[in-house]
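1. The following block contains a protein sequence and its predicted model.
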There are 2 protein chains.
Amino acid sequence: MQIVPADFDRMFGALADPTRRDIVRRAIGGDEGILELAGHYPMSFAAVQKHVAILERAGLITKDRIGRRKVVRANVEGLRIVRRLLDQYEELWRSRIGRMAELLAEEAPGAQKGIER
Amino acid sequence: MQIVPADFDRMFGALADPTRRDIVRRAIGGDEGILELAGHYPMSFAAVQKHVAILERAGLITKDRIGRRKVVRANVEGLRIVRRLLDQYEELWRSRIGRMAELLAEEAPGAQKGIER
DNA sequence: CATTCGTACAACCATACGGTTGTATGTCAG
DNA sequence: CTGACATACAACCGTATGGTTGTACGAATG
């Protein structure tokens, strides 16, 4: 499957909330249901449920049914996708700085490899 | 200076928009003023100006006055701070999986080192 | 110093977001 | 089958967000 900009919108958007980041953290290797998760935060069960839904749509967690609960687990691959974009920015930065070090010697800009898309 | 959760809110929030991510990309090693940047997007100058302000407040770019322009440059350190949080999630995941591999042998959970704060 | 270029900012509008409460669905225990 | 537990979802509300237009400021040009 292809990753499109809208996916990054959802991923970064999902991570832009402290409650959701904490849910992600707890979901790493944890096995709490939504009700149990909700116990950690000063808000209603429904609010936490919404946060979980947003994280799920962003591909950062999954909900696995276990008995009558739905256990929330982090999708580490999702986190890696986000990290990879930041890696690419850094790489781009290095190459630009590299070019700068080449001190306007050398040829034309050339086609740059795409980030996103 | 200390990085608090609200900083991550701003950083992730700033990156949750395709226009802003593109501005960051262009700001890496680029030297465009805001008006020049605005030329790349199908929206008003003021809108782009707002996006730049959001990125600046998030610490992801800086505006350097050059002549009558304000050149937008990426703050790579800001990007690294975001990346580092994701690294920590991944590290946490590895250690949890590591513990899982230790297969419920060994002792109690123990205090976990803080992520964020 | 008047003009123009580039930026800044306020006011406004529509929609999205984070929270609430209430009701409905699905699943296990007795 | 009934009841209780865990989750789902709709409706609503206040505020934040992303866009617009219009006006004001700061710096270089003639």
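-> Alright, I've got the coordinates. Nothing here was measured: the structure is a model prediction, and the numbers come from that model. Numbering: from 1, shown residues only, chains lettered A, B, ... in the order given.
2. How about the residues of chain A by DNA strand C?
-> Residues of chain A lying near DNA strand C by Cβ under 7 Å from any atom of the strand: A:13, A:16-17, A:19, A:43-44, A:46-47, A:50-51, A:54, A:65, A:67-68. Just so you know, the C-beta spots here come from the backbone N, C-alpha and C atoms, and that holds for glycine as well.
3. where exactly do the helices run in chain A?
-> Counting by DSSP state H, chain A has helices at residues A:5-15, A:18-27, A:34-38, A:45-57, A:76-101.
4. give me the low-pLDDT residue ranges for chain A?
-> Residue ranges of chain A with pLDDT under 70: A:98-117.
5. Now render the helices of chain A as a markdown table, adding mean neighbour count.
-> Shown next, in a markdown table, are the helices of chain A (neighbours: other Cβ atoms under 10 Å in any protein chain shown):
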| stretch | mean neighbour count |
| --- | --- |
| helix A:5-15 | 19 |
| helix A:18-27 | 21 |
| helix A:34-38 | 18 |
| helix A:45-57 | 17 |
| helix A:76-101 | 16 |
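6. Among those helices, which comes closest to DNA strand D?
-> helix A:34-38 (2.9 Å; Cβ to the nearest atom of the strand).
7. which strands and helices sit next to that closest one?
-> Using 3 or more Cβ pairs under 8 Å, 6 or more residues apart in numbering or on different chains; DSSP states H and E, the elements in contact with helix A:34-38 are helix A:45-57, strand A:69-74.
8. residues near the closest residue to A:I81 other than its chain neighbours, how many?
-> Excluding its sequence neighbours, the residue lying closest to A:I81 (Cβ to Cβ, 6 or more residues apart in numbering or on different chains) is A:I3, at 6.2 Å. Applying other Cβ atoms under 10 Å in any protein chain shown, we find 14 other residues in the vicinity of A:I3.
9. follow-up on the earlier one: quickly check the residues of chain A next to DNA strand C for the two that are furthest apart.
-> Across those, the longest distance by Cβ to Cβ is 32.7 Å; it joins A:A16 and A:G67.
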